[in-house]
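1. Output the structure for:
(chains A and B)
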Amino acid sequence: MKREWILDKNHLSYWLRQLRNQMQLIAPMRDQVGDIVFKQVEHIHKIELNCPSLLPSVKEFFLPQYERLFEYSKKDDRVVDSISKTKRVIFGLRSCDVAALNTLDRFFIDEMPDPYYKSRRENSLLISIVCNNPDPTCFCIGLDTGPYLKQGFDIQLTDLGDRYFVQAESEWAISIIKNYHFLFSRPQKSDYDDQYEVLLSSKARFQKRISLQQSRQLIKSGRIKDSFWQGITSRCFECGGCVYQCPLCTCFTVVDRSYNDTVERARLWDSCLFKGFTRLAGGILPNEERIKRTKRWFFHKLIHYPDVLESFGCVGCGRCTVTCPGRIDMASVCMKLKSIALNGEEITDEG
Amino acid sequence: MDKILTVCPYCGCGCGLYLHVEDDRIVGVSPCINHPVNRGSLCVKGWNCYEFVHHPDRLKFPMIRKRGTLVRATWDEALDLIARRLTEIKRLYGSDSIGLLSSAKCTNEENYLMMKFARAVVGTNNIDHCARLCHSSTVGGLAAAFGSGAMTNSINEIINARVLFVIGSNTTEQHPMIAMHMLDAVDSGATLIVADPRKTQLAEFAHIHLQHRPGSDVALLMGLMNIIVTEGLVDIDFVKRRTENFDSFLDTLRTFDPAKVEAITGVKIQLLRRVARIYAMEKRSMLFYAMGITQHITGVDNVRALANLVMLTGHIGLPMSGINPLRGQNNVQGACDMGALPNVFSGYQTVTDPRARKKFQNTWRKKLNPKPGLTLMEMMDMAYVGRLKALYVMGENPLLSDPDLGHLEKAMERIDFVVVQDIFPNETMNYADVVLPAASFAEKDGTYTNTERRVQLLQRAISPPGEAKADWEIIVDLATRMGYRMHYRGTYEIMEEIALLTPSYGGILHHRLKEGFGLQWPCPTQDHPGTPYLHRKKFAKGLGTFITVDYIPPDEPPDKEYPFLLTTGRIYFHYHTGTMCRRTVVLEREEPECFVEINPEDADSLGIKNGWPVKVTSRRGSIEVKAKLTGKIPQGTVFIPFHYAEAAVNRLTNPAVDPKAKIPEYKVCAVRIEPLYKMPVVKTPKPPEVELESLRIEE
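-> Here you go, the predicted model:
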């Protein structure tokens, strides 16, 4: 069920204010140094609606960097589950993140449901905005994960200048719009035309065209030698930034912390790019060589994900391009692979 | 969820990051995208810097030692006891029997107050901090040559440089965000020269890698300068207009002919020539150095040789052209600037200068001691002979970071009264009479000064655990109890006092720092925009001075009995004495054990295999560690990181110090290595003879 409305821009802040009365409102805010961060909204007029620079991922609201799972009280001999049931509306995220969450759902909910993720996901409403101005680092256009989504969103807004074209898909989203039906109007023929024009012009603004399919085929063809990956690996700083920033990376570790009268079990972000991530009993490190870990990260995203979850482990958000200190992010590596594909076999040996 | 912009508490890069706060707990970290240093990146320590803040080990209450054990006390009891004992010791033995260690992990405001506490309240100049162990040779060496001992350029200039000469710095591991800028520069065509005995990750990208022998840096640099002079690559104009004392320096330089240098350093003459030409002929040449230069008995001479090199070629006083010491701690630059040193007030105004002293006396309304105090190493020597009666340690762990720990332990036992103020229990606390719990970087505000002299604002994100208090609040309280009233409404008022007394910080006030990413000193007035590069048009002291240096071999070269040369340092996943990083799950898991890096050929001759336990012995002690075979280290040299208390390499290191800066020689000492495990000769028993045919199952 997909429904469409028009929302006047002047009505947006009223609508958000009403939503904030019922739920925690998270939105992109610009701080004093010009960075955009997702945080709880205090002043609705300060929400950054046209983000020209990169947005952080919303992964942290579903898989937080540090999440307490449960607490054991030594005195009462009792376990208290810390499952989060906070109702949240996340406003202003982009299509790539919504697409990423849909893939994460398959990982976290479908086969073996993770109650912590599931609860956070079920209690969050996503209001995404179609990107009118993609960043120079974005490459979602080749992956069908942006700049707009055809399906899989809660509420999707398209900026038409003075009004928003609103699309809602989930039942919760539709009921929320219907609650405030007096703010929304029926779209006219011209609105559909305007919306289509916005989508077209947005597509034309992408600076990067990257085909992950091509990279996947090239890797599977066996033409890429280890010398290529060695060159990539030598630039890895082992910061874990790509994994921490990636909206599709799910590595975590679990730790127990004993305080005076409680014990806490927490899970926190980890990264498969660290050699200790696969440490075995007895201290053996199967992936001590760094090249194995770098290769695995790329293979996991380009080979394993499509095989298992039927979509790439990358949504083209370009966040690793910004955060990688060694400049060996997904986009750069795919560009290098592409040049190999174009220049033929003899280049591969040089890496 | 709120996100608060603050500064990373680890290395001197001073990266900007956000702390994610929910219900007074930190739940995450994200990098600041517009920050000029890290530009949206962080290293692994930065990404995980939130975790130790909530660790169960945090000190939450003051403690007093009663009958040998530390027991919980109230703030009043603890502070009254300290005030009473310090006053008593001061009366009985004089102010100079008290020593204070400030901290490069604490804010500028706290270091300033500690310095004020030492000088105005206790009345001694015996104040020092761990910069003694890392960059005291820089502060002394560059100050004598130029008049100011700090990084002359800014980090965001690196990308536009044409030549990067990195000596004695493992930049990718120790200053990862600076290395990021270096690799960007290399990508855009800069030439990278690395001089390091170890084959570091950065050396893999180097166009030229000089693997000179540890401790031969002066010879190497003099050799390069000799070639520059003989090949006529000197910037004669620059030397004439802006420097002095060139002629007498030239006489010593002539003795370092390339053949002699090759014999001392083990670097081929052709390579020396290439490096000299590349470095001297390109104008946008930046020089970087770190502990590999400073932690030697010739530390000051090494730094002076580098200063001579940049003056000889005129590579200073311009953007993308200068000499850049990479400072290790997040606020070691600030702690030095604030005068947590025995011989200077804030802004490097010497205590022996009557005019500077008068200025401070007037403001602080207290007569000040004109005699320079004891350095960290000297304090311990005085303690050893029983003449240092009290020691106040704020945010340091000398019992793991100082050389020759065996000696140090005896010295600590002989001190009557020890106060330790820290966020975690540490090795030094075993000797403490009073322990005070402090607030971590996330629980207080103030300013940090990073390696490029950028003074940045730290913002309080959460409240401290238990009864812990910010270091500055503790000092203020203690000073008042000792009869010297200190009163500040917040750290911004302390900063105002610093600005009043410190010319280079004259225009640095908290409200100005809030608007952007801080200000780079010198910033003398309130409308001054800060100084991205130093020594423009003239040196801080007028003319730059060529200081003659000569090559002195290391204090303890390897010999027959101790055939290996041990060099120490840090590793990527850990940081200094590990109080913070070893309480971070991911970091501790990556490198949970101490190791010794040894060349495979050396290991082979000793019968050691990868991962085997070995015993490393020096003249001062021995430790047991695991062997790690790697070709990164040349034959005859071994490397051990110093983070691990259970295998403290500083039991081995040589306490010999540089005569001028008193910096110990961490980078060179002689050791012996023995395997603790021998491959057992296993006699495989013969398998019993079975007739296979009889085992066959008939179908």
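2. now the helix or strand in which B:Tyr112 is found: mean pLDDT?
-> Under the criterion DSSP states H and E, the helix or strand holding B:Tyr112 is helix B:108-116. In this model, helix B:108-116 carries a mean pLDDT of 96.
3. Can you list the helices and strands that the next helix-or-strand element following that helix packs against?
-> Along the chain past helix B:108-116, the next helix or strand (assigned with DSSP H and E) turns out to be strand B:127-128. With contacts defined as 3 or more Cβ pairs under 8 Å, 6 or more residues apart in numbering or on different chains; DSSP states H and E, the packing partners of strand B:127-128 are strand B:98-101. Where you see a C-beta, it was placed from the backbone N, CA and C, and this is true even at glycine.
4. re earlier: quick one: list the elements packing against the helix holding B:Tyr112.
-> helix B:332-337, strand B:446-449, helix B:471-481, helix B:491-501.
5. ok, residues contacting that helix?
-> Under the contact criterion Cβ atoms under 8 Å, 6 or more residues apart in numbering or on different chains, helix B:108-116 has outside partners B:100, B:102-103, B:106, B:127, B:129, B:331, B:334-335, B:337-340, B:345-346, B:364, B:394, B:446-449, B:455, B:470-472, B:475-476, B:479, B:486, B:491, B:494-495, B:497-498.
6. Would you quantify the distance from the closest residue to B:Gln349 other than its chain neighbours to A:Glu111?
-> Counting by Cβ to Cβ, 6 or more residues apart in numbering or on different chains, B:Gln349 lies nearest to B:Ala356, which is 3.8 Å off, once chain neighbours are set aside. The spacing between B:Ala356 and A:Glu111, counted by Cβ to Cβ, to the nearest Å, is 71 Å.
7. Let's verify A:Gly92: helix, strand, or coil?
-> Under DSSP: H, G, I helix; E, B strand; the rest coil, A:Gly92 falls in the strand class.
8. What's the local residue count around A:Asn287?
-> The number of residues packed around A:Asn287, counting by other Cβ atoms under 10 Å in any protein chain shown, is 18.
9. A:Leu342 now?
-> Under the neighbour criterion other Cβ under 10 Å, A:Leu342 is assigned a count of 8.
10. Just the pLDDT for it.
-> Model confidence at A:Leu342, expressed as pLDDT, equals 83.
11. Show the backbone phi and psi for A:Leu149.
-> phi -110, psi 140 (degrees, to the nearest 10).
12. and residue 234, how many neighbours does it have?
-> Going with chain A. Using other Cβ under 10 Å, A:Ser234 is surrounded by 16 other residues.
13. switch to chain B, that's the one I care about
-> B:Val234: 19 surrounding residues under other Cβ under 10 Å.
14. which ones are touching it?
-> Taking Cβ under 8 Å, 6+ apart as the test, what B:Val234 contacts is B:228, B:280, B:312-313.
15. Which residue is the nearest non-sequential neighbour of the residue in the stretch 251-351 of chain A that chain B sits nearest to?
-> Distances between the stretch 251-351 of chain A and chain B by Cβ to the nearest Cβ are smallest at A:Pro325, namely 3.7 Å. Nearest non-adjacent residue to A:Pro325, counting by Cβ to Cβ, 6+ apart: B:Met180, 3.7 Å away.
16. and that neighbour, what does it touch?
-> With Cβ under 8 Å, 6+ apart as the criterion, the residues that contact B:Met180 are A:237, A:325-326, B:38-39, B:41.
17. which residues touch the closest residue in space to B:Ile158 that isn't next to it in sequence?
-> In space, and not counting its chain neighbours, B:Ile158 is closest to B:His181: 4.0 Å by Cβ to Cβ, 6+ apart. Shown here is B:His181, whose contacts under the criterion Cβ under 8 Å, 6+ apart are B:155-156, B:158-159.
18. change it to 6 Å
-> Contact analysis of B:His181 by Cβ atoms under 6 Å, 6 or more residues apart in numbering or on different chains lists B:155, B:158-159.
19. Among those, which one has the most neighbours?
-> Within those, most neighbours by other Cβ under 10 Å means B:Ile155, with 26 neighbours.
20. Could you check the pLDDT of B:Leu692?
-> pLDDT recorded at B:Leu692 is 69.
21. wait, I meant B:Glu22
-> Confidence per residue is given as pLDDT, and for B:Glu22 that number is 89.
22. bridging residues for it?
-> B:Arg25 (DSSP bridges).
23. What's the local residue count around it?
-> The tally of other residues near B:Glu22 (other Cβ under 10 Å) stands at 16.
24. Hmm, it is touching B:Met1, no?
-> Yes: contact between B:Glu22 and B:Met1 holds when scored by Cβ atoms under 6 Å: they sit 4.9 Å apart.
25. Once you drop chain neighbours, what's closest to the residue of the stretch 201-350 of chain B found nearest chain A?
-> With Cβ to the nearest Cβ, the shortest gap between the stretch 201-350 of chain B and chain A falls at B:Glu204, namely 5.5 Å. Counting by Cβ to Cβ, 6+ apart, A:Ser234 is the residue found nearest to B:Glu204 once chain neighbours are left out, at 5.5 Å.
26. where does the residue nearest to A:Pro325 fall, helix, sheet strand or coil?
-> Local secondary structure at B:Met180 is given as helix here, using three-state DSSP.
27. Per-residue pLDDT of it, please?
-> pLDDT, B:Met180: 95.
28. Likewise for B:Lys538?
-> In the predicted model, B:Lys538 carries a pLDDT score of 89.
29. what's the answer for B:Arg357, then?
-> Spelled out, the predicted local distance difference test score at B:Arg357 is 94.
30. can you list the residues of chain A near chain B?
-> Remark: the part of chain A in contact with chain B comprises A:33-35, A:37, A:39-40, A:56, A:60, A:64-66, A:234, A:237, A:239-241, A:244, A:255, A:257-259, A:270, A:274, A:276, A:322-323, A:325, using Cβ under 6 Å from any Cβ of the partner chain.
31. 7 Å - rerun?
-> By the rule Cβ under 7 Å from any Cβ of the partner chain, the part of chain A lying against chain B is A:31-35, A:37, A:39-40, A:53-54, A:56, A:60, A:64-66, A:234-235, A:237-241, A:244, A:253, A:255, A:257-259, A:268, A:270, A:274-276, A:279, A:322-326.
32. Out of those, list just those in strands.
-> A:37, A:39-40, A:66, A:253, A:255, A:257-258, A:268 (DSSP state E).
33. What subset of those residues is buried?
-> Among those, those classed as buried by 16 or more other Cβ atoms under 10 Å in any protein chain shown are A:37, A:39, A:66, A:253, A:257, A:268.
34. Domain ranges for chain B, per the record?
-> In terms of domains, chain B is parsed into B:2-54, B:63-130+B:330-505, B:136-325, B:564-675 (source: automatic domain parsing).
35. what does the strand or helix carrying B:Leu399 rub up against?
-> Assignment of secondary structure by DSSP H and E places B:Leu399 within helix B:398-401. The set of residues that contact helix B:398-401 without belonging to it, under Cβ atoms under 7 Å, 6 or more residues apart in numbering or on different chains, is B:101, B:130, B:133, B:405, B:408, B:412, B:427-428, B:576-577, B:645, B:648, B:650.
36. Check the offset of it from the chain's centre.
-> Centroid separation between helix B:398-401 and its chain, computed with Cα atoms, centre = their mean, to the nearest Å, is 13 Å.
37. What are the boundaries of the helices in the stretch 551-699 of chain B?
-> Listed from the start of the chain, the stretch 551-699 of chain B has helices (DSSP state H, counting those that start in this stretch) covering B:585-590, B:600-606, B:692-695.
38. and the first one, which residues are buried?
-> Buried residues in helix B:585-590, counted by 16+ other Cβ under 10 Å: B:585-587, B:589-590.
39. near chain A, which of the residues you listed show up?
-> Counting by Cβ under 7 Å from any Cβ, the members of the buried residues of helix B:585-590 near chain A are B:585-586, B:589-590.
40. Need the nearest residue in space to the residue lying farthest from the centre of chain A, chain neighbours excluded.
-> If you look at how far each residue of chain A sits from its centre, by Cα atoms, centre = their mean, the farthest one is A:Lys75, at 40.8 Å. Nearest residue to A:Lys75 in three dimensions, chain neighbours excluded: A:Asp261, at 5.4 Å (Cβ to Cβ, 6+ apart).
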